[in-house]
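Visitor: quick one: sequence and predicted model below, then my questions.
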Amino acid sequence: MNDIIEKALLKAGADIVGFADVKNILKPEIAHLERAISIGVCKNLNENTVRLLDSLKKKAVLMLKKEGYRYLSIPPDSDRAKDSFISNLYPLFPHKIAATSAGVGWIGKNGLLINPEFGPRLSLATVLTNAPLETSKPYEKSMCGNCSLCVEYCPSDAITGKEWSRENPFVDLINLQNCKDHKEGTRSFNGKPNCGFCITICPYGRKQIKSQSA
Ligand code: B12
Ligand code: SF4
Ligand code: SF4
């Protein structure tokens, strides 16, 4: 079933699809769903990207449903979907856990999921399921090495320079208040708070920016 799902999602616009074993990681409310499908697209998280990720999630869900499996589909902009009963479950499972566990990437010093090919430029969505999918080897530690460009150039000094590992995954990487305060003053084209300099500066996946703008 892995192959069918992966091929269908890549064909429909995903740049990467990973499969994770999330048994023993999940909170009790969702512990019956032991697999996660991590879906990434190499685009800024704007309205079009949210729409694309939503359609990719729906595609995965339809395939799981057809085979009689259970699922919980977590939207990319989970923080904006606050008004439904199901949205109470979203904070129980951040997208980055699925992505590192599926071997899609590691958590960089900038606190973001870094994929060797796309760098931090992936926007993410997740589908949890009880389908017995085959899974990949998780990333165990950060591969940032000696690089500290994001630490040096973050305009709000939010990035502490500490390193993520699966053993110690909630280490203090980012001073979130600094980041939020800075973002409030820096609006994107659609009027929403934005910055993302820690994405632009990361050497991983820089060539993807060129190929996107070509
Ligand atoms: C709230 C939120 C914010 C807040 C707080 C950020 C934060 N780090 O908590 C603010 C407004 C500051 C923010 C800023 C940004 N955000 Co934001 N944000 C979110 C949101 C909605 C929830 C994150 C959250 O609270 N997670 C809970 C905490 C506990 O987990 P976490 O920090 O996400 O990740 C930790 C765990 O995953 C853990 N972990 C990883 N692997 C494993 C494995 C195991 C076994 C375990 C136990 C744990 C573990 O390590 C991580 C680091 O400690 C997510 C969407 C989502 N539902 O995930 C997007 C999301 C994290 N944001 C995203 C982006 C792109 C940004 C910005 C770049 C936006 C911008 N252009 O300015 C900045 C970057 C700031 C930065 N350097 O982190 C993307 C990240 C994509 C990527 N490649 O990583 C996400 C995933 C949205 C998406 N759908 O793509 N964001
Ligand atoms: S989004 Fe901007 S302010 Fe926030 S951590 Fe990244 S570079 Fe720093
Ligand atoms: S800029 Fe360097 S230190 Fe920061 S996340 Fe990218 S590789 Fe890691």
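Guide: Great, that's in hand. Numbers count the residues shown, from 1 in each chain. Ligands and ions are numbered 1, 2, ... in the order given.

Visitor: what residues does the protein put near ligand 2?
Guide: Residues of the chain lying near ligand 2 by C-beta under 6 Å from any ligand atom: 110, 154-156, 158-159, 174, 179, 182, 195-198. Where C-beta positions appear, they are placed from N, C-alpha and C, glycine not excepted.

Visitor: which of these sits closest to ligand 3?
Guide: Distance to ligand 3 across the residues of the chain next to ligand 2 (C-beta to the nearest ligand atom) is lowest for residue 110, with 4.2 Å.

Visitor: show me where this protein has strands.
Guide: For the chain, the strands defined by DSSP state E occupy 16-21, 35-41, 71-74, 106-107, 113-114, 123-129.

Visitor: now the helix ranked longest in the chain: how far from the chain's centre is it?
Guide: For the chain, the longest helix by residue count, based on DSSP state H, is helix 47-66. Centroid separation for helix 47-66 versus its chain: 15 Å, with C-alpha atoms, centre = their mean, to the nearest Å.

Visitor: this structure - how does it break down into domains?
Guide: 2-129, 149-213 (automatic domain parsing).

Visitor: quick one: closest of the strands of the chain to residue 205.
Guide: Ranking the strands of the chain by proximity to residue 205 (C-beta to C-beta) places strand 113-114 first, at 8.0 Å.

Visitor: and that closest one, which strands flank it?
Guide: If you go by DSSP bridges, strand 113-114 pairs up with strand 106-107 (antiparallel).

Visitor: what residues does this structure put near ligand 3?
Guide: 108-110, 114, 144, 147-150, 201-204.

Visitor: filter those down to the buried ones.
Guide: By neighbour count, with 16 or more other C-beta atoms under 10 Å, the residues of the chain next to ligand 3 hold 108-110, 114, 144, 147, 149-150, 201-202, 204 as buried.

Visitor: now the helices for the protein?
Guide: Using DSSP H, the helices assigned to the chain run over residues 2-11, 47-66, 95-101, 149-153, 176-184, 197-200, 206-213.

Visitor: out of those helices, which is the most enclosed?
Guide: Neighbour counts (mean count of other C-beta atoms under 10 Å) averaged over each of the helices of the chain peak at helix 95-101, with a mean of 24.

Visitor: for that helix, enumerate the helices and strands it packs against.
Guide: Counting contacts by 3 or more C-beta pairs under 8 Å, 6 or more residues apart in numbering; DSSP states H and E, helix 95-101 packs against strand 16-21, strand 35-41, strand 106-107, strand 113-114, strand 123-129.
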